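In: sequence-free structure coming up:
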C-alpha cells in the first residue's frame, strides 16, 4: 500500500459524479468503505485547495449533505474527506 493511502487523516470515499462537457466534475453521491451512500444535495464551492489536516493537493468541493457542510477532496484519481479530530 502506498504512503498516500496510509495517511490516517484521509478517509477515502467512492464518489459517483457527472463529468461535464467543459472538463469539470460534479460529485453526486459518496460512500465510505463501510458506510451508507450519501446523496450530495448541493455543491456550493469548488476551488484548488489542499487538505490542511490530511495533506495532498487538488480540488476541494464544499458540499451540502442534509444541511451539513462537508469538504470533499479530489486528488486525481483519489477522493477523500478529512477525519474528524
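Out: Cool, got the structure. As the structure is a computational prediction, the values presented were derived from the model and not from experiment. Numbers count the residues shown, from 1 in each chain.
In: So for the residue nearest to residue 48 when sequence neighbours are not counted, what's the pLDDT?
Out: For residue 48, ignoring the flanking residues on the chain, the nearest one in space by CB to CB, 6 or more residues apart in numbering is residue 59 at 6.1 Å. Yep, even glycine has a C-beta here, placed from its N, CA and C like the rest. The model reports residue 59 with a pLDDT of 92.
In: and residue 59, how many residues sit next to it?
Out: The burial count assigned to residue 59 is 16, neighbours taken as other CB atoms under 10 Å.
In: What is the subsequent helix or strand relative to the helix or strand of the chain with the lowest mean pLDDT?
Out: Lowest on mean pLDDT, DSSP states H and E among the helices and strands of the chain sits helix 3-6, with a mean of 57. Later in the chain than helix 3-6, the nearest helix or strand by DSSP states H and E is strand 10-19.
In: middle-most residue in the chain, spatially?
Out: Among the residues of the chain, the one closest to the centroid is residue 72, at 2.6 Å (CA atoms, centre = their mean).
In: mind listing what that one touches?
Out: 13, 15, 27, 30, 40, 60, 61, 63, 79, 80, 81 (CB atoms under 8 Å, 6 or more residues apart in numbering).
In: Name whatever forms a beta bridge with it.
Out: Here residue 72 sits in beta bridges with residue 61, going by DSSP bridges.
In: how much space between the nearest residue to residue 56 once chain neighbours are set aside and residue 30?
Out: Excluding the flanking residues, the one nearest residue 56 by CB to CB, 6+ apart is residue 75, at 4.3 Å. The gap separating residue 75 from residue 30 is 15 Å, by CB to CB, to the nearest Å.
In: Quick one: the strands in this protein, in order.
Out: Along the chain, the segments classed as strands by DSSP state E run 10-19, 25-32, 37-39, 42-48, 59-65, 68-75, 78-82.
In: if you compare the ones you listed, which one is most tucked away?
Out: Neighbour counts (mean count of other CB atoms under 10 Å) averaged over each of these peak at strand 78-82, with a mean of 20.
In: Provide the strand pairings for that strand, with the direction of each partner.
Out: In the sheet, strand 78-82 lines up against strand 10-19 (antiparallel), strand 68-75 (antiparallel) (DSSP bridges).
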